[in-house]
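Trainee: Based on what follows, work out the 3D shape:
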Amino acid sequence: MSINDSAPMARLPILIVPDPVLRKISRPVERVDEAVRRLLDDMVQSMIEGKGIGLAAIQVARPLRLIVTHLEEDEAPAQTLKLVNPEILWRSNEECVYEEGCLSLPDQTAEVARPARVRVRYVDEHGELREREAEGLLATCLQHEIDHLDGVLFIDYLSAVKRNIIVRKLKKAQRVAAVRA
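Mentor: From the prediction side, this is the model:
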């Protein structure tokens, strides 16, 4: 199938917990081609329109090892990253805590402790192998999105009680939305 570069980007529907697809392990991308670049662009648009700072392909029902981020660091303009087959090479012993949310868990947040710094290896959208060190919010975002590729959600870092409360709230919201539809 050929892809028209002038075609408009698509807003992709984002899966919501407890959708079982979110627990699948994503498979590596074999080749960065136009279809992968188009999906990355569509993911960026969907993430920004959803007011998120990160998105994994599995969240849009594509079980591929792709993530995108879009956030400001140190008062600099927001930067978009597109990572293919990302892997964490190193994590600091020092941790930081952020109030995490997720486009797949709308309106739900919780404090999660993660390593404060990471080094990530990935392939960029042009097929080039890269490494990047990140700290603070970007490090947290990268870890959060890479977790998605392994079927892990931020709520998995919470106590069973807190996790169950969040999942029950989401199920109730989905039932209410279904009744209204």
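
Trainee: Report the separation between residue 36 and residue 29.
Mentor: Residue 36 sits at a distance of 6 Å from residue 29 (criterion: C-beta to C-beta, to the nearest Å). Every residue, glycine included, has its C-beta placed from N, CA and C.

Trainee: In the longest strand anywhere in the chain, which of the residues would be classed as buried?
Mentor: Counting by DSSP state E, the longest strand found in the chain is strand 79-91. Residues of strand 79-91 classed as buried: 81, 82, 83, 84, 85, 86, 88 (neighbour count, 16 or more other C-beta atoms under 10 Å).

Trainee: middle-most residue in the chain, spatially?
Mentor: Geometric centre of the chain, nearest residue: residue 55, 2.9 Å, by C-alpha atoms, centre = their mean.

Trainee: Using the three-state scheme, assign the nearest residue to that residue once chain neighbours are set aside.
Mentor: The shortest distance from residue 55 to any non-neighbouring residue, by C-beta to C-beta, 6 or more residues apart in numbering, is to residue 47 (3.9 Å). What DSSP: H, G, I helix; E, B strand; the rest coil gives for residue 47 is helix.

Trainee: from memory residue 47 sits against residue 68, does it?
Mentor: Yes. With contact defined as C-beta atoms under 8 Å, residue 47 and residue 68 form a contacting pair (5.9 Å).

Trainee: Find the residues that touch each one of the two.
Mentor: Common neighbours of residue 47 and residue 68 (criterion: C-beta atoms under 8 Å, 6 or more residues apart in numbering): 54, 55.

Trainee: Point out where the protein drops to low pLDDT.
Mentor: Residue ranges of the chain with pLDDT under 70: 1-10, 74.

Trainee: Pretty sure residue 141 sits against residue 70.
Mentor: No. Counting by C-beta under 8 Å, residue 141 sits too far from residue 70 to count as a contact (9.2 Å).

Trainee: If you count surrounding residues, which of those two has more?
Mentor: Using other C-beta atoms under 10 Å as the criterion, residue 141 and residue 70 rank with residue 141 on top: 22 against 17.
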